[in-house]
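1. Got a sequence here, can you build the structure:
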Amino acid sequence: MKTQLSPFAIITLQLYFTSVNYANFEVRLYGPDGSYIVIVDKRGYTYRNIFAGTLFTDTASNSVATYNFNSNNLVTPLQPEQPFSNLRGTNPNGQWNIVFFNDFNDGGQISLVRLTIQGNPKKERKKKKKKKSGKVN
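-> I've put the predicted structure just below:
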């Protein structure tokens with residue numbers, strides 16, 4: 001039996017991440033099978049605290065890719081660069097990883113990362129042929 005994330009699974013990621021220059025960071029979420037999505041790719045410029053508690057979810061009304069960052073305030077919720085739905089159909093069992101890439105090594109602080117997966121995993125099952133009962137009363 002192979003376990004997969006249901007087509008209806010809801011995945012969210014909350015980041016408490018501060019930096020002096022978000023424009024140098026790429027953040028990726030890796031599933032146990034090695035597949036990944038990009039959460040943030042060099043967004044937010046030099047504003048501070050914009051991802052200090054951000055909830056990333058596919059259902060947010062604003063996308064991190066198109067949001068007009070214009071202050072040092074937290075922005076939440078946001079859609080990630082690539083949708084979490086890209087991870088549906090993959091095996092959720094095993095170690096998930098979040099990786100922060102910093103182009104210029106100019107620092108940042110990660111206080112908390114919270115990954116939530118809701119929904120029952122879909123299990124592939126071989127269809128069994130049912131025998132019809134031949135009882136006679």
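
2. what about the chain, any weak spots by pLDDT?
-> By pLDDT under 70, the weakly predicted segments of the chain are 1, 120-137.

3. At which residues are the strands of it located?
-> Ranges of strands in the chain, per DSSP state E, are 3-4, 10-18, 25-30, 36-41, 52-57, 97-102, 109-118, 122-123.

4. For Ser63, find the nearest of those.
-> strand 52-57 (10.0 Å; C-beta to C-beta). (Glycine included, C-beta is placed from N, CA and C.)

5. Identify each buried residue in that closest one, please.
-> By 16 or more other C-beta atoms under 10 Å, the buried positions in strand 52-57 come out as Ala52, Gly53, Thr54, Phe56, Thr57.

6. With stretch 94-104 instead?
-> For stretch 94-104, by 16+ other C-beta under 10 Å, it's Trp96, Ile98, Phe100.

7. Run through the bridge partners of the second one.
-> Right, Ile98. Here Ile98 sits in beta bridges with Leu29, going by DSSP bridges.

8. what sits against it?
-> Leu13, Val27, Arg28, Leu29, Tyr30, Ile39, Val113, Leu115 (C-beta atoms under 8 Å, 6 or more residues apart in numbering).

9. One more pass at 10 Å, please.
-> By C-beta atoms under 10 Å, 6 or more residues apart in numbering, the residues touching Ile98 are Leu13, Leu15, Phe17, Val27, Arg28, Leu29, Tyr30, Tyr36, Ile39, Ile110, Val113, Leu115.

10. Show me which of those are buried.
-> Among the contacts of Ile98, the ones that count as buried (16+ other C-beta under 10 Å) are Leu13, Leu15, Phe17, Val27, Arg28, Leu29, Tyr36, Ile39, Val113.
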